[in-house]
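S.K.: Fold the following.
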Amino acid sequence: MLEEELADKIHSGSLRTLRITTHLLKSAVDIGMSLYEIGLLVFSSGTGKSKSVLEKAADEAYAAGLVREQRIESQLDLTALE
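M.R.: Residues are numbered from 1 along each chain as shown. The predicted structure is shown next:
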């Protein structure tokens, strides 16, 4: 719904971040995490050189998505050759 209403006003990456963080917040509350514990997941410690748990998870998910996309593309290319 938000994507349809805000597609021309907000970058798709920002909407994706909103979806991810909303899901994280809901899930964390469901399992009884405190605001402090949730904050530890979201914010990095130190001078910006180390990534937060959320940033690391997002990087891993992005990398996995790229691998999956490449695998699908290669399967489609093989199918086209047959």
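
S.K.: Could you say which helix or strand holds Leu15?
M.R.: helix 12-30 (DSSP states H and E).

S.K.: no, scratch that, I was asking about Glu37
M.R.: Per DSSP H and E, Glu37 falls inside helix 35-42.

S.K.: relative to helix 35-42, how tilted is the helix holding Leu15?
M.R.: Going by axes from the mean of the first three to the mean of the last three Cα atoms, to 10 degrees, helix 12-30 is angled at 140 degrees with respect to helix 35-42.

S.K.: Does anything pack onto helix 12-30? Which helices or strands?
M.R.: helix 2-6, helix 35-42, helix 53-81 (3 or more Cβ pairs under 8 Å, 6 or more residues apart in numbering; DSSP states H and E). Every residue, glycine included, has its C-beta placed from N, CA and C.

S.K.: May I see those organised as a markdown table, with distance to Gly13 added?
M.R.: Formatted as a markdown table, those follow (distance: least, Cβ to Cβ, whole Å):
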| stretch | distance to Gly13 |
| --- | --- |
| helix 2-6 | 12 |
| helix 35-42 | 17 |
| helix 53-81 | 11 |
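
S.K.: Buried deepest among the ones you listed, which one?
M.R.: Scoring the helices and strands packed on helix 12-30 by mean neighbour count under mean count of other Cβ atoms under 10 Å gives helix 35-42 as the most buried, with a mean of 13.

S.K.: Quick check: the gap between Ala57 and Thr22.
M.R.: From Ala57 across to Thr22, the span is 15 Å (Cβ to Cβ, to the nearest Å).

S.K.: repeat for Lys9
M.R.: On the measure of Cβ to Cβ, Lys9 and Thr22 end up 18 Å apart.
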